[in-house]
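S.K.: when you get a sec, could you give me coordinates for this:
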Amino acid sequence: KAQQVVEQHWPLFGSKSSRTLKSTMDALVEWLGQERAVQKVMACPKVLNTSFGAVSSSLLLLAELLGHEDAMEAVMADDDVKVLGCYPNIIRRTMMALEGLFGPQEAVRMVLKHVGLLAVRA
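M.R.: This next block holds a predicted model:
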């Protein structure tokens, strides 16, 4: 299924090699599981335009900040995938800013609802 999505949306990936796309898919499968990774790619093919390292480090940090399952659910619910390509220091600083403004519990609640908030520079 993911291969079909890649073939249908090939112009999105520009000059990315199939090996690079596969490594990014492997990172998604490692963190989300096979079924959810395929669902994410089918819902938002441009997620494969993000590098393996960016996906892995973003998901690792999200799991640290929100808890593994909550982080994965937030990523699955997000229509945009900017947070998966975002530098971890931006994610961390934005979370700290949200916590400073709204308190830790409200910040987590907001991020679980809109994980893309973390891709905004604080």
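S.K.: look up phi and psi at Tyr81.
M.R.: Quick fix: residue 81 is Val, not Tyr. Val81 adopts backbone torsions of phi -120, psi 20, taken as degrees, to the nearest 10.
S.K.: got the contact list for it?
M.R.: For Val81, the residues meeting the contact criterion (CB atoms under 8 Å, 6 or more residues apart in numbering) are 44, 46-47, 50, 75. Glycine gets a C-beta too; all of them are placed from N, C-alpha and C.
S.K.: who wins for most neighbours among the residues you listed?
M.R.: In terms of neighbours by other CB atoms under 10 Å, those top out with Val75 at 25 neighbours.
S.K.: where does that residue land on pLDDT?
M.R.: You'll see Val75 listed with a pLDDT of 87.
S.K.: mind checking which helix or strand it is in?
M.R.: helix 68-77 (DSSP states H and E).
S.K.: buried stuff in that helix?
M.R.: Of the residues in helix 68-77, 70-75 count as buried by neighbour count, 16 or more other CB atoms under 10 Å.
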